[in-house]
Each structure stands twice: as structure tokens, then as C-alpha cells.
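> how would this look folded up:
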Amino acid sequence: MKAWRVVVIALSFLLLSGCLVTFKDPLPSSEPVPKGLLGKWTSTNAWGEPMNLELTRIGDNRYQAVSYFKAKPREREAYPFTVSRHGSRWYLSAPVPARFGGHFTIAGFEVNEKHELVVYNLDLEQINQALGQKALSGEGFQTDDGDGVLINTRMDQVFAYLDDPANSDVFVEAVRYQRLAKAKATVK
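Here you go, the predicted model:
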């Protein structure tokens, strides 16, 4: 698995498209997470490996995602993130390491009626179309691990674009987590 994919998994964005969309600005850290988001989650990645995700509060409206594979619980990656709600969607934002272009990444998420955490990635092809149509502005970049694009549009314009129902296809489901069941104590 490419190294930057491991980073993004920790943020719950399995970049199945193999590409990365970054932004010059992060989301503002002024909102608390929705009820039911914090805690322990589990999923299986595209290679069939069980993985866990722990979401915790680390400050005022600042949070942390800790990701690890079930087979290697001591090998953990931790990343800070913030959340914001715009229209009917929740978004999260996290810093991207410099080796993957730096800046910030944004994803959509929801805790659905089945109490699953579903994370939506931005589709690079759709974002590139938005750049071509001048709906967003930015520039492409490359790393050793794949192509990406850095969006330099102001965040209010970015959210106007993302919140527009006509652009709903810009989001693709990246990963689906289930609440990690608590181990039951055995009585001897």
C-alpha cells in the first residue's frame, strides 16, 4: 500500500481513486462533532485487513483520529482534525504531511441510521472538471505516490460549490466503519 494511503486511512479517507485533493485553508475549528462520532470504530480495508479507528477530543472543537491495523495494534498513526457543518453535510479537515503536498484535506462524513460512520472522499476527476469550468481554482501537483490537486479557492466559495446539490457526484464513498463492540467480561 502506498505510504500516503496509510496517512489518509488514518483520517478515514481510503483514497481508492489513488489521488489527493488538498486545500490551502483548513476548516474553522468552531464546531463540536455530531453526537455519536467519537469513540472506537472498525472496518476492513480494500485488501481485507481489519483496521480500527479511535476518534477522541483533544481540545476545544479539536479532535484526533488514531488508526491502526488489528494485526498490529502497537503501530498507530495519530492525526488531528476539525469538523464543520455546511448545509446538510458534515465535513472534516486535517493537515496533510509535506511529503504528500502539505496543506489540508477535506472529506464528508455521516453517522447513518445504521449507526455506521461513512466517509466520503472528493473525486479528483470531478474536482479537475470543476477547475476546468472555473468553478474552483487550483493547480495540480505530483508526489512519488500519485497525482494531486491543490485548491486555492476561498473556503466560502469551496463550500458553495460542495453544498450545491448539482455537485453531489463530487463525493464518493471511501470507507464505512461500524462501532467497535465492547468486549464482554467473562465470569469465572
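> what's the distance between Tyr79 and Asn45?
17 Å (CB to CB, to the nearest Å). No exception for glycine: its C-beta is placed from N, CA and C like everyone else's.
> Name the residue in these two with the higher neighbour count.
Tyr79 (19 against 16; other CB atoms under 10 Å).
> which element is that one on?
Assessed by DSSP states H and E, Tyr79 sits inside strand 77-86.
> what sits up against that strand?
6-7, 10-11, 26-34, 37, 58, 61-68, 90-95, 159, 162-163 (CB atoms under 8 Å, 6 or more residues apart in numbering).
> Any of those residues buried? List them.
Neighbour counting by 16 or more other CB atoms under 10 Å classes 7, 10-11, 26-27, 29, 33, 37, 63-65, 67-68, 90-95, 159, 162 among the contacts of strand 77-86 as buried.
> Inside strands: which ones of the contacts of strand 77-86?
58, 62-68, 90-95 (DSSP state E).
> which of the residues you listed lies closest to Gln142?
Pro95 (19.6 Å; CB to CB).
> residue contacts, the closest one?
So Pro95 contacts 26, 79-80, 102-104 (CB under 8 Å, 6+ apart).
> want to try JSON lines for the residues you listed, with distance to Glu116 as columns?
JSON lines is the format used below for those (distance: CB to CB, whole Å):
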{"residue": "Pro26", "distance to Glu116": "26"}
{"residue": "Tyr79", "distance to Glu116": "21"}
{"residue": "Pro80", "distance to Glu116": "23"}
{"residue": "Gly102", "distance to Glu116": "31"}
{"residue": "His103", "distance to Glu116": "29"}
{"residue": "Phe104", "distance to Glu116": "25"}
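> Check the residues you listed against Pro50 and report the nearest one.
Closest to Pro50, out of all of the contacts of Pro95 and judged by CB to CB, is Tyr79, at 19.7 Å.
> Could you check how far the closest one is from Ala94?
5 Å.
> Please pull up the helix or strand immediately following the lowest-mean-pLDDT helix or strand in the chain.
Every helix and strand of the chain was ranked by mean pLDDT, DSSP states H and E. The lowest is helix 3-10, at a mean of 42. Sequence order places strand 20-23 as the next helix or strand after helix 3-10, per DSSP H and E.
> Does anything pack onto that following strand? Which helices or strands?
Strand 20-23 sits against strand 104-111, helix 124-132, strand 146-151, with contacts defined as 3 or more CB pairs under 8 Å, 6 or more residues apart in numbering; DSSP states H and E.
> what comes up buried for it?
Buried, per 16+ other CB under 10 Å, within strand 20-23: 20-23.
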